[in-house]
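heads up, no residue letters with this:
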């Protein structure tokens, strides 16, 4: 089954404790992206990747890192989480960026930083 | 700056009522337009998209949307909603071959049985 998986689905952590949210897709997609979703602010892009070893900042990259060592995986790293990073995070992938290509979304990771 | 405006933030309907959710975008050239839906506790999934051809696009679950270039609009419609349509709906677009997808803030739809 074609899908985007994320782990963990729920995470409660404390300020400053490094964490990684994994994202994996099995559709051989070139393009992968991370979003955060907050009430009243919609979806905001954090980082995206056009291909292996190619990543770039989205609209709200501060406090986040990503890597793309393999085509299928695109982990999101919070080196020192803060309470303002409490949010719902979605990973997405598509065959190519832009154009009319549909983005496929993961199930989401709800992160709470205390 | 490119933007998407979804006029209705919260909509409450009774079952069998008709639905129209507004979406306006801010780019004057060629666009690709999308509606995504997020059911409670689930991930976003594509409802329908427009990139060329017939401006009336049909999607899953009886939804359709009409692209009106002169109005920069891509409104979502359904003639008769069901309780299971309760969800958040997002309009998005990208301009031509631009990589970046511009998202609206979403419309929360609640359908009362």
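Okay, I see it. Remember, it's a predicted structure, so these values are computed and weren't measured experimentally.

helices along chain A, start to end?
Counting by DSSP state H, chain A has no helices to list.

and it, which of its residues are near chain B?
A:4, A:31, A:40-45, A:48, A:50, A:90, A:92, A:97-100, A:102-103, A:105-108 (CB under 8 Å from any CB of the partner chain). C-beta: built from backbone N, CA, C; applies to glycine.

narrow those to those that are buried.
Neighbour-count burial (16 or more other CB atoms under 10 Å in any protein chain shown) applied to those gives A:4, A:31, A:42-43, A:45, A:48, A:50, A:90, A:92, A:97-98, A:103, A:105-108.

now do the phi/psi pair for the residue nearest to the spatial centre of chain B.
The structure's chain B has its C-alpha centroid closest to residue B:35; by CA atoms, centre = their mean the separation is 3.7 Å. Main-chain torsions, residue B:35, degrees, to the nearest 10: phi -120, psi 130.

identify the residues contacting it.
Contacts for residue B:35 (CB atoms under 8 Å, 6 or more residues apart in numbering or on different chains) come out as B:23, B:46-49, B:59, B:63, B:65, B:74, B:76, B:89-92.

once you drop chain neighbours, what's closest to it?
Leaving aside its sequence neighbours, residue B:35 sits nearest to residue B:47 (CB to CB, 6 or more residues apart in numbering or on different chains; 4.3 Å).

also residue A:85?
With CB to CB, 6+ apart, the residue lying closest to residue A:85 is residue A:113, at 5.4 Å.
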